[in-house]
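S.K.: Coordinates for the following, if possible.
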Amino acid sequence: MSNVYNVAVVVGSLRKASINRKIALALADLAPANLKLTIVEIGDLPLYNEDIDGDSPPAAYSTFRQQVSSSDAVLFVTPEYNRSVSAPMKNAIDVGSRPHGKSAWSGKPGAVISVSPGAIGGFGANHHLRQSMVFLNVPLMQQPEAYLGGAGSAFDEAGQLSESVKPFLQSFINAYGQWVEQHKKA
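M.R.: Predicted coordinates for the structure are as follows:
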């Protein structure tokens, strides 16, 4: 019998009708029994500033760090802005990595899925995010890579996940469930 692992899901788009958020929620619905996905909100994080991150950091920093620290794994769902991650995503990564030597990310098995209405599915954002995670000691799942292009058609008018996208997401989240299991037992 597998354990159930709590996964902190970081969604890099703050839009109310974000396709990335919809994909994150779809992945939560499709997740295997060993994963419990919970979105960790990043919209209220002040821009990272070491001057305000002293003995009493902003409450939003502390809450975010606690949510990530208490999770077993992390899943990043990112849009692509100018061939990189969004500013809120980068800010969340920076907030979670501080203070130096106490990164909330360290050692947590992770995965990245980039979601874009464009044809290349956020390839640049996906790889920029991977670079940061190497430095932050997050063992990222290498395969299957997950770039969801043309994401504007991933849902129908009723908000239901397209049957053409579902097998791709199911394969990704199943592989991630195995990845987390493997790394948490190691």
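S.K.: Name the residues of the top helix by length along the chain that are buried.
M.R.: Longest helix in the chain by number of residues (criterion: DSSP state H): helix 166-185. Buried residues in helix 166-185, counted by 16 or more other C-beta atoms under 10 Å: 168-169, 172-173, 175-177, 179-181, 183-184. (Glycine included, C-beta is placed from N, CA and C.)
S.K.: How about stretch 144-159?
M.R.: Neighbour count says stretch 144-159 has 145-149, 151, 154-155 buried, by 16+ other C-beta under 10 Å.
S.K.: Now Asn34. Its backbone dihedrals?
M.R.: phi -90, psi 0 (degrees, to the nearest 10).
S.K.: quick one on the thing from earlier: pipe the buried residues of stretch 144-159 into JSON lines and attach distance to Phe123, secondary structure and pLDDT per row.
M.R.: Shown next, in JSON lines, are the buried residues of stretch 144-159 (distance: C-beta to C-beta, whole Å; DSSP: H, G, I helix; E, B strand; the rest coil; pLDDT from 0 to 100):
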{"residue": "Glu145", "distance to Phe123": "9", "secondary structure": "coil", "pLDDT": "95"}
{"residue": "Ala146", "distance to Phe123": "11", "secondary structure": "coil", "pLDDT": "96"}
{"residue": "Tyr147", "distance to Phe123": "6", "secondary structure": "strand", "pLDDT": "96"}
{"residue": "Leu148", "distance to Phe123": "11", "secondary structure": "strand", "pLDDT": "95"}
{"residue": "Gly149", "distance to Phe123": "9", "secondary structure": "coil", "pLDDT": "93"}
{"residue": "Ala151", "distance to Phe123": "13", "secondary structure": "helix", "pLDDT": "91"}
{"residue": "Ala154", "distance to Phe123": "17", "secondary structure": "coil", "pLDDT": "93"}
{"residue": "Phe155", "distance to Phe123": "22", "secondary structure": "strand", "pLDDT": "92"}
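S.K.: Tell me the one among the residues you listed nearest to Asn3.
M.R.: Ala146 (23.6 Å; C-beta to C-beta).
S.K.: Residues in contact with stretch 84-92: which ones?
M.R.: Contacts with stretch 84-92, where a contact means C-beta atoms under 8 Å, 6 or more residues apart in numbering, come from 10, 12-14, 42-43, 45, 47-48, 64, 76, 78-79, 81, 93, 124-125, 128-129, 132.
S.K.: List only buried entries from these.
M.R.: Judged by 16+ other C-beta under 10 Å, buried ones among the contacts of stretch 84-92: 10, 12-14, 42, 45, 48, 64, 76, 78-79, 81, 93, 124-125, 128-129, 132.
S.K.: tell me the contacts of the closest residue to Val165 other than its chain neighbours?
M.R.: Nearest residue to Val165, sequence neighbours excluded (C-beta to C-beta, 6 or more residues apart in numbering): Ala154, at 4.7 Å. Going by C-beta under 8 Å, 6+ apart, Ala154 touches 19, 22-23, 26, 115, 148, 161-162, 165.
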